[in-house]
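Enquirer: 3D, please:
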Amino acid sequence: MFTARRLWFAKALVVLTIFATPLCAQDTTFPTASENPAIIDQAWQNATAKFSPQRGKLLEEVDRADQEGPYRTDWESLQKYEIPEWYQDAKFGIFIHWGVYSVPAFANEWYPRNMYVKGSEEYKHHIATYGPQDKFGYKDLVPLFKAERFDPEAWAKLFKDAGAKYVVPVAEHHDGFAMYDSDLSDWTAVKMGPHRDVIGDLAKSVRAEGLHFGTSSHRVEHNFFLGVGRSIPSDINDPKYAAFYGPAHNWLEAKNGSSLANDFTYVSSAWADDWLARATEIVQKYHPDVIYFDWWIGQPSIRPNLTRFAAFYYNASLKYGDHVGIIDYKESAMAEHSAVLDFERGQLGNIRPLHWQTDTSISNKSWGYIKDDTFKSPQFVVHQLADIVSKNGNLLLNIGPRSDGTIPDEVQQVLRDVGAWLKVNGEAIYGTRIWRTYGEGPTQVAAGAFHDTETAKYTPEDFRFTTKGGALYAIELGWPSSAETVIHALASNVPGNQKVESVALLGGDAKIDFHQRPDGLHLKLPPQPPSKYASAFRITFQGP
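Expert: Numbers count the residues shown, from 1 in each chain. This next block holds a predicted model:
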């Protein structure tokens, strides 16, 4: 009896020991989504502790720079910001999404997250192609990202041929892999994968072509981006890889279209400081003329450090060059007047007095490269550019290179076709400013973010207006079947309209006969337009 009781006690002790021991300690791939977020965050902090001295030094330099320039770390000071002339003149830039996510080339650049979402197409594709997520995770794609055919000089020349005036590659996307030479991480393109400073090499080549260089940082979203991997058996749960995968918290995103102020995701002060240090490092190493941030910089826990960064960057940029830097932000992340508002894949319905920007992808499905993609036509890009510029904006057009560093031929052709149009008609785009109205015609854009492909096809009755040097430019977004077109905004009976003195068609030699009548300015057209996609008329007036 005594022996039996001892045996029962021993068995019970074994069972209790098993259940008292965290399963994740036995299996590092076991789901950890229910763990205390503070403990999860501490694992990331421990994994990156060796970079604490460098982080601390950068944060000290931020605070010092914030005391040494005209900008302070408060919104009243930051709202005195003025956008530099070069950016308002530029009108057209190139955005680049390129990274480890270009290796699977499947679905879109959110593959790193969605491959861990059970049941998703990315999840199924990953298992079928590489194996289960607890055996082959996102980290295992890094060695396959070699960029062996990356030619920054050829890229820069292509962008110049496209008519772009600035180039903004992604320095770090949500996945947490730095495409630059970071002293705050081992997971960089210099230390792994390509084994080269992609951002540094591209910066040198872009500037050699006379273009402005910027960078994009999506680092802040990495706080939650891979959190879905904690819900399934995967390598995200393994603290050994926390330095790469980040805290990977549950994303408590705002629902039903609520503002980012209603996002309650766990964000530690350590993470907010790490974001600030990494953004600062990019500024110090590459002196970007533009720095683009995605939407999450407006998250409540990040905003205090956002003002610290903005003051640092603006003050530092004045030391690096003869103009202040540019921050692109989304939604309500920053106060108006403090930076440049950006609309993702969207446009505005009317003129915005403050300068703004649209960023959209030449790809219809993704920002990064994926197989079997489709692309916007050069006509679509030209029409979108003309509409945006007429409303006081810039167009930042994204491309996604393959993982080997080559740019798809279809993308190159679109860029060159847009560049050919700008070579003829750029006078009506570069360096221009808004007129009293953006345009006329039956076609209205589908205003707002994520609606740019919903706009109906433009017609020959659609015009977009810009001004420069006393001239008015009327960009006609089609070519009429008749030999005449009419610009109604220049009707002779409209109060304030000046008398037209001359009309010239950019790129054409034919004389343009015109008559200013009560219903508009009538133009006699040549049989064929001098360029594809759209035609630009230079109109001058009598008197001052």
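Enquirer: buried set for the helix or strand harbouring Gln516?
Expert: Here Gln516, judged by DSSP states H and E, is contained in strand 514-517. Using 16 or more other C-beta atoms under 10 Å as the test for burial, strand 514-517 gives 514, 516. (C-beta placed from N, C-alpha, C; glycine too.)
Enquirer: do stretch 203-221 as well
Expert: 203, 205-206, 209, 211-221.
Enquirer: among these, name the ones in helices.
Expert: The members of the buried residues of stretch 203-221 that map onto helices under DSSP state H are 203, 205-206.
Enquirer: let me know the secondary structure of Ser332.
Expert: Following DSSP: H, G, I helix; E, B strand; the rest coil, Ser332 is assigned to coil.
Enquirer: how about the contacts made by it?
Expert: 259-261, 298 (C-beta atoms under 8 Å, 6 or more residues apart in numbering).
Enquirer: just the pLDDT for it.
Expert: Note on Ser332: pLDDT of 93.
Enquirer: now it: phi and psi?
Expert: phi -120, psi 30 (degrees, to the nearest 10).
Enquirer: gap between it and Arg72?
Expert: 21 Å (C-beta to C-beta, to the nearest Å).
Enquirer: now do the strands in the stretch 401-544 of the chain.
Expert: For the stretch 401-544 of the chain, the strands defined by DSSP state E, counting those that start in this stretch occupy 439-440, 463-468, 471-476, 484-487, 500-505, 514-517, 520-524, 535-541.
Enquirer: JSON lines for the contacts of Ser332, including distance to Ser102 and secondary structure?
Expert: Output for the contacts of Ser332, formatted as JSON lines (distance: C-beta to C-beta, whole Å; DSSP: H, G, I helix; E, B strand; the rest coil):
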{"residue": "Ser259", "distance to Ser102": "32", "secondary structure": "coil"}
{"residue": "Leu260", "distance to Ser102": "28", "secondary structure": "helix"}
{"residue": "Ala261", "distance to Ser102": "34", "secondary structure": "helix"}
{"residue": "Gly298", "distance to Ser102": "28", "secondary structure": "helix"}
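Enquirer: from those, pick the one nearest His287.
Expert: Taking C-beta to C-beta as the measure, His287 lies nearest Gly298 of those, at 25.2 Å.
Enquirer: what's near enough to touch that closest one?
Expert: Residues near Gly298 by C-beta under 8 Å, 6+ apart: 260-261, 306, 329-334.
Enquirer: try it again at 7 Å.
Expert: 260, 331-333 (C-beta atoms under 7 Å, 6 or more residues apart in numbering).
Enquirer: which one of these is nearest Ala279?
Expert: If you rank the contacts of Gly298 by distance to Ala279 using C-beta to C-beta, Ala333 comes first, at 13.5 Å.
Enquirer: how close does the closest residue to that closest one other than its chain neighbours sit to Ser259?
Expert: What sits nearest to Ala333 in space, not counting adjacent residues and going by C-beta to C-beta, 6 or more residues apart in numbering, is Gly298, at 3.0 Å. Distance, Gly298 to Ser259, by C-beta to C-beta: 8 Å.
Enquirer: could you check the pLDDT of the closest residue to Gly210 other than its chain neighbours?
Expert: Using C-beta to C-beta, 6+ apart and skipping residues adjacent in sequence, the residue nearest Gly210 is Lys160, 7.4 Å away. pLDDT recorded at Lys160 is 98.
Enquirer: my guess is Lys160 contacts Leu211. True?
Expert: Yes - look at Lys160 against Leu211 with C-beta atoms under 7 Å: they come within range, at 6.2 Å.
Enquirer: how about Lys146, phi and psi?
Expert: Note on Lys146: its backbone torsions stand at phi -110, psi -20 [degrees, to the nearest 10].
Enquirer: touching, it and His195? I think so.
Expert: No - at 8.5 Å, Lys146 does not count as touching His195 under the criterion of C-beta under 7 Å.
Enquirer: those two: which has the busier surroundings?
Expert: Set Lys146 next to His195 and count neighbours by other C-beta atoms under 10 Å: Lys146 wins out with 15 against 11.
Enquirer: which pLDDT value belongs to that one?
Expert: For Lys146, pLDDT reads 98.
Enquirer: contacting residues around stretch 372-392?
Expert: Outside stretch 372-392, the residues that reach it (C-beta under 7 Å, 6+ apart) are 91-92, 347-348, 350-352, 355-356, 358, 362-366, 394-395, 397, 410-411, 414, 417-418, 421, 429, 432, 434, 438-439, 445, 452, 458, 464-466, 475, 477, 533-534.
Enquirer: can I get it in CSV, CA atoms only?
Expert: Only the C-alpha atoms of stretch 372-392 are listed here, as CSV (Å, rounded to 0.1, in the frame of the first residue of the first chain):
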residue,chain,number,x,y,z
ASP,A,372,2.5,37.1,-63.5
ASP,A,373,1.8,40.7,-62.5
THR,A,374,0.0,43.3,-64.6
PHE,A,375,1.0,46.9,-65.0
LYS,A,376,-0.4,50.4,-65.5
SER,A,377,-0.1,51.7,-69.0
PRO,A,378,2.0,54.8,-69.8
GLN,A,379,-1.2,56.6,-70.7
PHE,A,380,-2.6,55.9,-67.2
VAL,A,381,0.6,57.3,-65.6
VAL,A,382,0.7,60.4,-67.8
HIS,A,383,-3.0,61.2,-67.1
GLN,A,384,-2.6,60.6,-63.4
LEU,A,385,0.5,62.8,-63.3
ALA,A,386,-1.2,65.7,-65.1
ASP,A,387,-4.2,65.5,-62.8
ILE,A,388,-2.1,65.4,-59.7
VAL,A,389,0.2,68.3,-60.7
SER,A,390,-2.9,70.4,-61.6
LYS,A,391,-4.0,70.0,-58.0
ASN,A,392,-0.7,71.0,-56.4
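Enquirer: buried stuff in it?
Expert: Quick answer for stretch 372-392 (16+ other C-beta under 10 Å): 373, 375-376, 378-392.
Enquirer: as PDB, could you dump the C-alpha coordinates of stretch 441-452?
Expert: Only the C-alpha atoms of stretch 441-452 are listed here, as PDB (Å, rounded to 0.1, in the frame of the first residue of the first chain):
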ATOM      1  CA  GLY A 441     -14.300  68.200 -68.500                       C
ATOM      2  CA  PRO A 442     -16.700  65.400 -67.700                       C
ATOM      3  CA  THR A 443     -14.300  63.000 -66.000                       C
ATOM      4  CA  GLN A 444     -13.900  63.300 -62.200                       C
ATOM      5  CA  VAL A 445     -11.400  61.300 -60.300                       C
ATOM      6  CA  ALA A 446     -12.400  58.800 -57.600                       C
ATOM      7  CA  ALA A 447     -11.000  60.800 -54.800                       C
ATOM      8  CA  GLY A 448      -9.300  59.400 -51.700                       C
ATOM      9  CA  ALA A 449      -6.700  56.800 -50.900                       C
ATOM     10  CA  PHE A 450      -6.800  53.400 -52.700                       C
ATOM     11  CA  HIS A 451      -9.100  54.600 -55.500                       C
ATOM     12  CA  ASP A 452      -6.800  55.600 -58.200                       C
END
